[in-house]
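**Student:** Sequence plus the predicted model coming up.
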Amino acid sequence: MLTTILVLAVIAAAVVFFLMKKGKIADANNNNIPDALEHVAAEVKEEVKETVAKVKKTTAKKKTTKKKDA
């Protein structure tokens, strides 16, 4: 089962690589990472930064509230 999954993953990677070299999948900076994946990764990174900021803000509020109550 694991061998089948590995073989399918290698075949999929080869197909993506071939399509990038043919120009069917965009790769503007030619780093062998499709531009669509780079775009999604940038969006996820930005969302994580926003979420971390919200969590830090919320935990800071809760810490100050606990200190006032004590």
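**Tutor:** Ah, there it is.
**Student:** mind listing what's buried in the helix or strand harbouring residue 21?
**Tutor:** Using DSSP states H and E, the element containing residue 21 is helix 2-22. Neighbour counts over helix 2-22 (16 or more other C-beta atoms under 10 Å) mark 16, 20 as buried. In this view, the C-beta of every residue, glycine as well, is placed from N, C-alpha and C.
**Student:** Check the average confidence over it, would you?
**Tutor:** What helix 2-22 shows for mean pLDDT is 95.
**Student:** Give me the contact list for that helix.
**Tutor:** Under the contact criterion C-beta atoms under 8 Å, 6 or more residues apart in numbering, helix 2-22 has outside partners 25, 27, 32, 34.
**Student:** Relative to residue 35, how far out is the most centrally placed residue in the chain?
**Tutor:** With distances taken as C-alpha atoms, centre = their mean, residue 41 lies nearest the centre of the chain, 3.5 Å away. For residue 41, the distance to residue 35 equals 11 Å [C-beta to C-beta, to the nearest Å].
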